[in-house]
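Q: Sequence and predicted structure are below.
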Amino acid sequence: MRTRTTQLDLHRKVVAITGGARGIGLATANAFAQRGALVAIGDLDAAGARLAAERIGRGATGLALDVTDRASFESFLNELEHRLGPLHVMVNNAGIQHVGPFEDENNVSTDIQVAVNLGGVLNGTQLALARMRPRGRGHIVNVASIAGKIASPGGATYSATKHAVVGLSESLRGELRGSGIAISIVMPAIIATEMAEGLGSARGVRPVKPTVVGDAIARAVLRGRDADVYVPRHAGVITTAMAVIPRRRRDALQRLMRADTVLLDIDQSARAIYNTRVRAQDKLSRSGPNSAVPPP
């Protein structure tokens, strides 16, 4: 007889989401709030985080957060627990992407991607574990990317950081076995957000709405166990197949699908808004997350 999978109840559970003022983070915040969770949005754009929380309602709160600054992250978690209660779910979502040939990438672009995409996840994961371990329960969701499994030319540093997030999460699963704390890895393909503006296109690949990612994350947490979350789902099948076929055939397939030019065939004018906001937030992170950020 088949045993039914018991799902967790998210009602009044406290969920922290980094980079939650827009895109996947905002969609994830909405998905959890709709399921009864108390959501805390952290973002370098403090005003944007507060506005997002107001629009979500349902007890959501928006706070300033610089994921690269451990003290800022500690303060964020302390404040949300003071307002909402003990942390149940940590969603490490904040991330940035620079695209183009690696040899043309300046050191500032390299450093900020490593600091946010990897350093932010390291900070968030370790600080969340310090709260979850004594309670013997919790769920950490690390948002990586399909680039953490399949690398594409033009995204070397970005892919490196996302591979690192996958490796970190896999390692932690072994360390946390039996602890009551689950680790989920989210690997979206191309998502219809600001980050995807101006990118090239691969044959047969269409951008997915961020709401699809948010719902997938919430469903994974509801299941209450470690999960690999591919969005769209068939991306997982493609990733598995690409990992086992010979390299020559894999490279040929990528060329056939034009997947090898997605991060090289760039319309920089279409990415102007995203690039401007990233530069502004980079400057902000150097001065502190409580300063004003120009709207996108």
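A: Right, received. Where do you want to start?
Q: those strands in this structure, which residues are they?
A: Here the chain has its strands, by DSSP state E, at 14-18, 38-43, 61-64, 87-92, 138-143, 181-188, 227-231.
Q: between the ones you listed, which gets nearest to residue 262?
A: strand 181-188 (13.8 Å; CB to CB). Yep, even glycine has a C-beta here, placed from its N, CA and C like the rest.
Q: tell me what that closest one is packed against?
A: Helices and strands touching strand 181-188, by 3 or more CB pairs under 8 Å, 6 or more residues apart in numbering; DSSP states H and E, are helix 120-135, strand 138-143, helix 156-175, helix 210-223, strand 227-231, helix 234-244.
Q: If you count neighbours, what's buried in the last one?
A: By neighbour count with 16 or more other CB atoms under 10 Å, helix 234-244 contains the buried residues 235, 236, 238, 239, 242.
Q: what is the mean pLDDT for that helix?
A: Helix 234-244 shows an average pLDDT of 84 in the prediction.
Q: just stretch 207-219 next, same as before
A: On average, stretch 207-219 scores 95.
Q: Just checking the distance from that stretch to the centre of its chain.
A: 11 Å (CA atoms, centre = their mean, to the nearest Å).
Q: what's the answer for stretch 140-150, then?
A: 8 Å.
Q: cool, stretch 47-59 as well?
A: The answer for stretch 47-59 is 19 Å, by CA atoms, centre = their mean.
Q: Repeat that for stretch 182-199.
A: 7 Å.
Q: wait, residue 85 sits on residue 38?
A: Yes - if you go by CB atoms under 8 Å, residue 85 and residue 38 touch, sitting 7.1 Å apart.
Q: Tell me which of these two has more neighbours.
A: Remark: of residue 85 and residue 38, residue 38 carries more neighbours, 22 against 12, as counted by other CB atoms under 10 Å.
Q: Which residues lie in contact with that one in this structure?
A: 12, 13, 14, 15, 58, 59, 60, 84, 85 (CB atoms under 8 Å, 6 or more residues apart in numbering).
Q: Can you tell me which of these end up in helices?
A: residue 84 (DSSP state H).
Q: And the contacts of residue 38, which two are furthest apart?
A: 58 and 85 (14.5 Å).
Q: pretty sure residue 230 is touching residue 240, no?
A: No - if you go by CB under 8 Å, residue 230 and residue 240 don't touch, sitting 9.5 Å apart.
Q: returning to what we had before: anything in contact with each of residue 85 and residue 38?
A: What both residue 85 and residue 38 touch, as defined by CB under 8 Å, 6+ apart, is the set 12, 14.
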